[in-house]
Every structure is written in structure tokens, then in C-alpha cells.
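1. predicted model and sequence below, questions to follow.
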Amino acid sequence: MKTINFFKITILFFTLCFNQSHASEGGKTFDYSTTKTTNDTLKSKKRKDTEIALADPLKIEATGDQPYCPQTNIKIVQTFSISHDPTEPGTAAMFIQVSSGYSAGLDKLELSNPAAHSTITTSWDPIAGKLMLSSLTPGTNVLYSDFENAIKDVVFSNSSATASGSRTFSITIGQANYLPSTGHYYLYVPSIGISWTVAKSVSDTSSYFGLKGYLATILSSDEAKLIGEQSLGTGWIGGSDAETEGVWKWVTGPEAGTLMSYTFWNTGEPNNQGDEDYAHITQPGVGIRGSWNDLSNNGDPSGNYQPKGYVVEFGGSPGDPIIQIATSTKITIPEANVLTPIPICDSGSFTINATATAGATVNWYSQATGGIPLATGNSYTTPIINTSTTYYVDAGCESNRKSVIAVVNKTPANPSVTSSNVSRCGPGSVNLQATTAVGLINWYTTATGGLSIFTGNNFATPTISSNTIYYAEASNNGCLNTNRTPINITIYTPPIVTDQDVPLCQNQKATLDAGISGMNYLWSTGATSQTIEVTSGGTYTVDVTSQSPESCTSRKTIKVDEHEIPLIDRIDVNGTKVVIYLNKEQDYFEYSVDGTNFQDSNIFYDVPGGLQTAYAREENGCGGTAKNFVVLVFPAFFTPNNDTFNDVWEVTGMENYPQAQVTIFDRYGKLIAQLTASKMSWDGTFNKALLPASDYWYSLKIDNTQPVLRGHFSLKR
């Protein structure tokens, strides 16, 4: 690298004279450093160093790395000087910018005593964070000596009591923004509708005080903020994924061909809509200020996504000269970062540690504002204290004073319990209660050691079925009272009762019994005896309670079902099948046709012929009823051979119907015989003559109220 020496020219004022027509001249080289305003004609152009006599180079130097307290004013330089060619004693303007850490709306640069600098006027740009010092008289220059004196009186202020971090100030001759962290210069060139390829071409052929230009590459948040958020305009930068879709690279300047490791895309970007292969700083008001979006080479013809210009970066290219037309200073808002000390129990001394930024000294106080420091240094040992105490610490700025509490926790007294002996009836959970004046209660199953099973004043135990002891322990933020308070739990067995179903005979009484003697009783009727008498059905309960101290209660439920006495409605006889019907059927009735053998079913089969009796009764002995009926049996055959077996044909049970008459016919309908109460059987003869073996028919008429029964039988010989 070589130092650039300027001919005997005075750099008075740098202006950016580019518009869209200039930008379209892609093949022309622009040197932004050669534009100046003087009363003379421009006297110099770039020449080789060997062709002319060299003059003293322009050189700006400043010192100032200072602490700053918010809501105060501080001069941005401690020393400042401008070395220049004596034949060029001044320039039109100089620029001071908050080039990193800028807080828009809160940070400000201004001339502290403008009356003392009668040749200079100032203009503050709150978007760029930039202060311009220029001649009071347009078109004239200001002596460098006057600029020196004025810049020494430029002050910075921040209006927020909670401001933090650091600020870097760049002081430069020339319109380009200077970023001390990179040593590069940045120019925004407005050019509405310019394409990315033209912007790149124009940038590649431009220079600034001998530094080669290129479409800006952005490698850090400082660069992104200065170029985007603090820029007066937005436009193209040197990123593209035209080579491989989705793989974004820097394609300009020294970083050409490298991946974009740092990016600041707007929300939802890059979205590659319409072959958008080129990086662009987004229009203000669209998403995140200063962030990026992707556009096609020409962008939109109008609106938010129409290119409005481009950003040229100067510096870092091979062969660039070393120039000193800019310098920088820095302020840091000192903050003390204090570590909260570990709490102690009851009383003691604390050693509190803190660190400060920017090499500032830590001050310790007993009050939030004002006061004399208790101590200075990165640590402070308190006196012995027995209550929590607040201390305060700062690094020289009272507005940034922070508090820290030295916490003293009291060791609690023994826990207070509602009762040290509790009981319950039968297995289950028990609610235990304990309190402490400070802190909280931990519950244990052991008198010492072990792990806490629950924390809180009210503890619902798991289900327990035998006598158990739990322990309550009080602690307060690590301050532990190891004296655990026991609570004894006794499990009593409740009285064992069995529910019952008791029948009650209609119009009678039933005795209900709790089933266990020697207890206390409370019936749903209000009675308190072991037994009670009831006369009506329903559900009755009795609470059976054991004697003190157990006093366990079990409830017995007795369902009393009032049973009716059955009444026989009718008896249907079909051959030897008999069905007994009642006026009202109940599932507690039972039936019989012999008075001995009872059954739940009202149907009987193979009932013997003759006069029979039907019985119905309540199964628990409440009572019953009976009714006679007759079963008529018609033999299917008879064998009149005088062997004493089936020698005659007769209807069993007919004797119970005095008016009954049976008429017998042969197969041709001839009347053969008639049977009545006086003659109950037929011997197989007609007029004393034996009739042949054959089938014969009969009809039985009991009386005029019942139907005639007909059938047939066989005579066998």
C-alpha cells in the first residue's frame, strides 16, 4: 500500500452529483474524491506520482475513548487535529456520524456553543445520525483551524436514563459514511429504476480518494445498520444467487465468490418471486427497517419494490492507497454488573462482587441516589447484618446505579400442627395441616433424613390402612429447622354391617335390626335403638357408630318389601296340564297341586285325574289360598277280557259332576251306550252282545255352562 499525496489543492466540500443519467453511463469511471467547490477552477487531476511535485497529504487525527453517563453532554473528542497542505487552508464541510451503536430518536450530536464559532453552521440528520458542519456562507470554505476548534466543541447526548452500550463517532471530510470497524467508506447513490447489473458496473468503475469502489458487501450488523437503517436511501447491494438458486454469495469487491455468512433478510425473504436473484435493501416502511429482500435484475417498475439506487463501498481492494481523511472516537456507557450474593441464615456478613464496563471503577452505596460511596472496587464486604439489606452499585453514572439485595433469611421455629394425633375410620387418605411463621412446610415419613414427599401447609396423605406417623419440617429459603414435628395417625376399623332385604307381610309388622350390639344407632326414622318395627315397605337406613374414641360410623341399608297374599283367579285344565292364574302375579308367590310340593311356576303337567286342589302362597309364610278343580281322564283304549286290567272304559273324575252324561258311538254314528252318575263305565257290549275291536267315539256333556268334550278310543280284544 502507498500513501496518497494530493497536489496543491484544497478539499473544500464533497458533494454527490450523481443522478439516474450519470448512473446509466456504465462504462465511465467516476472519482467521487475530485468534486470540490473553490473560487478557482479545478486545478488538479489524478496523475502519476512521478509526473508532479508532491504536496503534504490531508490527515485527520483524534483521540477520545471516554465513559459517558446518560442524559448528560460529553465532547466527542479529547484531542483533534487536521494536517493539510498550507496552500489549501480549508474546506466547505466536515461530517461527524454516530457510525455504530446509534439509537435513533435518543442519540444526538450538536455544537455546544455555536456563538463561539461564527463561521460555521450545523445540520443534524436524525435518520443517519450525522452532523454536518459547513460554512455559514454558501459557496465559501471554512478554515481547517475553525473546524478543529468547532469539532472540539461537538457534544453527544442521549435522552434516555436507561441507555447502554457504546457509540463510535466517525469524523470525516467527504459525504461518504465512514465505519471505523471496517475502515471502509459507503455512499448511497440515488438512481430510480436502475438495474442491478448497471449499478454493479457503475460501482466497479468508481473510486473515492483513490479507493476502488464496488457494490457494497455487508459482513456484520454494524455494516448492515450503517448502510441500511442509517442510510438516507435504499437500493442494490452485491449479493446474488443467480449462479445457483438458493445459494447466496457476495459477487462484488474483495468478498466476490464467498457465501453470505451474515445476512439480514426481511421477514419472509428471500422469496424468489419472479426469478429474484439479486440482494436489495428494502424500502423503508416495508417490514424491518434496513433489512434485505431479493429482486429481479430490474425490480418492479414502481412502488415499494422499484430500485431507488445502490450502495457503493470503498476500501479493502488490493492496491488501495492508505488515506487518512477520517478518524474516530468512542464513548462507552459504564455499567456495573453485580452478582447477587447467596442468601444466609439469621445473620452474617456478605462479600458482594461486581464488574464494570470500559475499565470504570465500581462504587458501592447504601442509597439509590446521591450519597457517599461505602467503598470502591470490584468487591464489597458488608458489616454483619441480621435483616435483608439493599445495597447499590454504579460505575460512575448515578443514572445507571443498580440495586442488589443481601438476603438474610430467618430460620423458622418448630412447625405448628393442628393436632399431633389424628385418626380416621378405615383405609384412606388423611388431611394433615401444619404452619410456620416464615418459609414453608416439608413433609417426611422419617424423623430424620430421607426425602421430602410433599411441600405445603396442607398435606393429603396417600391411602393408608394401618397406624402411621408423618413428620412436618419448616424451612425458609434454605434455612432449615431440623426439629421435625410428628403427627400420629390411627386407623380404626368401622363397624361391619350387611345390607338386607326384608319382606313385610301385608297388614303385619316387621322388625328391623342394626345387626351389631353395643353401638350407637341412628335410624332414618329418627329412632336410636338397635331394632325398630315398621308397618310399611320402603328403604330404611341405620348409622351404626362405635363407641368413643373410635366413633366410626357404618351405614346399613334395609329394603322392606311389603308382600301381598295371593288370590286364585281361575284354573285352566287341558287334559292333565293345569295352569293356576292369580288376580295379581308376584315373584315371591309359589304354587302347588298337592299342598306339599310347591314351585315357582304356576304350570303343572301329568296331574292325576279326579278332584284336585290348587294352592298359592307367599314364599315367606305371609299366607295363601286354595281352590278345587277336576281333572277328567279319558282312557285311550280298554281290553274287556276279564283279566281285571282295563276291563271297562270309564272317565276318571266324572263322578265329580252329578249331571254329566257320556254318549258312545261306533264308527258309523250308531249310539252304543250312555254313561251317567248311576252307570259310570262301559264293558264293550251292546244288548249283551260283544262288540268287535274297533275305534269308538264319545261326547261328554258336563252341564249347560261348559262345552261338550269329544274324542275317540279303541276297543281291543
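-> Structure's in. What do you need?
2. hey, let's count contacts and neighbours off CA atoms from now on
-> Fine.
3. low-confidence ranges in this structure?
-> Applying pLDDT under 70 to the chain flags the ranges 1-56.
4. how does it divide into domains?
-> According to automatic domain parsing, the chain comprises the domains 59-328, 336-409, 416-492, 500-556, 568-631, 637-715.
5. deepest-packed of those, please.
-> domain 59-328 (a mean of 20; mean count of other Cα atoms under 10 Å).
6. endpoints of that domain, how far apart?
-> 13 Å (Cα to Cα, to the nearest Å).
7. run the chain-centre distance for that domain.
-> Centre-to-centre, domain 59-328 and its host chain are 45 Å apart (Cα atoms, centre = their mean, to the nearest Å).
8. again, but for stretch 590-600
-> For stretch 590-600, the distance to the chain centre is 73 Å (Cα atoms, centre = their mean).
9. give me the residues contacting that stretch.
-> 580, 587, 589, 601-602, 604, 612-619 (Cα atoms under 8 Å, 6 or more residues apart in numbering).
10. how about the contacts made by the residue nearest in space to the middle of the chain?
-> For the chain, the residue nearest the mean C-alpha position is T455 (24.6 Å; Cα atoms, centre = their mean). Contacts for T455 (Cα under 8 Å, 6+ apart) come out as 440-443.
11. repeat that with 7 Å
-> Counting by Cα atoms under 7 Å, 6 or more residues apart in numbering, T455 makes contact with 441-443.
12. surely V579 and S601 touch.
-> No. The criterion here is Cα atoms under 7 Å, and V579 misses it with S601 at 9.1 Å.
13. report the beta-bridge partner residues of L259.
-> K249 (DSSP bridges).
14. distance-wise, check it relative to T468.
-> 71 Å.
15. I'd assumed T436 was in contact with S416.
-> Yes. The pair S416 and T436 qualifies as a contact (Cα under 7 Å) at a distance of 6.4 Å.
16. of the contacts of stretch 590-600, closest to I325?
-> Each of the contacts of stretch 590-600 was scored against I325 by Cα to Cα, and D587 proved nearest at 117.4 Å.
17. SS state for the closest one?
-> Of the three states, D587 takes coil under DSSP: H, G, I helix; E, B strand; the rest coil.
18. just D222 next, same as before
-> Under three-state DSSP, D222 falls in the helix class.
19. where along this structure do the helices fall?
-> 20-23, 144-151, 196-204, 221-224 (DSSP state H).
20. nearest to H184, of those helices?
-> helix 221-224 (9.7 Å).
21. which residues are contacting that closest one?
-> Against helix 221-224 from outside (Cα under 7 Å, 6+ apart): 100, 218.
22. got the CA coordinates for that helix in PDB?
-> The C-alpha coordinates for helix 221-224 follow below in PDB (Å, rounded to 0.1, in the frame of the first residue of the first chain):
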ATOM      1  CA  SER A 221     -24.500  -6.000  11.900                       C
ATOM      2  CA  ASP A 222     -22.600  -2.700  12.200                       C
ATOM      3  CA  GLU A 223     -22.300  -2.500   8.400                       C
ATOM      4  CA  ALA A 224     -26.000  -3.500   8.000                       C
END
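23. re earlier: now the domains of the chain in TSV, with distance to E562?
-> Shown next, in TSV, are the domains of the chain (distance: least, Cα to Cα, whole Å):
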stretch	distance to E562
domain 59-328	83
domain 336-409	73
domain 416-492	35
domain 500-556	4
domain 568-631	10
domain 637-715	39
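24. dump the helices of the chain to TSV, plus distance to D241.
-> Output for these, formatted as TSV (distance: least, Cα to Cα, whole Å):
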stretch	distance to D241
helix 20-23	24
helix 144-151	44
helix 196-204	13
helix 221-224	19
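25. for S83, find the nearest of the ones you listed.
-> helix 144-151 (8.6 Å).
26. next, the contact list for the closest residue to I487 other than its chain neighbours, please.
-> Distance criterion Cα to Cα, 6 or more residues apart in numbering; nearest residue to I487, sequence neighbours excluded, is S420 at 4.4 Å. Contacts here follow Cα under 7 Å, 6+ apart; on that basis S420 touches 486-488.
27. if we use 10 Å, what do you get?
-> By Cα atoms under 10 Å, 6 or more residues apart in numbering, S420 lies in contact with 432-434, 469-471, 485-489.
28. got it, and R289?
-> R289 neighbours (Cα under 10 Å, 6+ apart): 225, 228-230, 266, 281-283.
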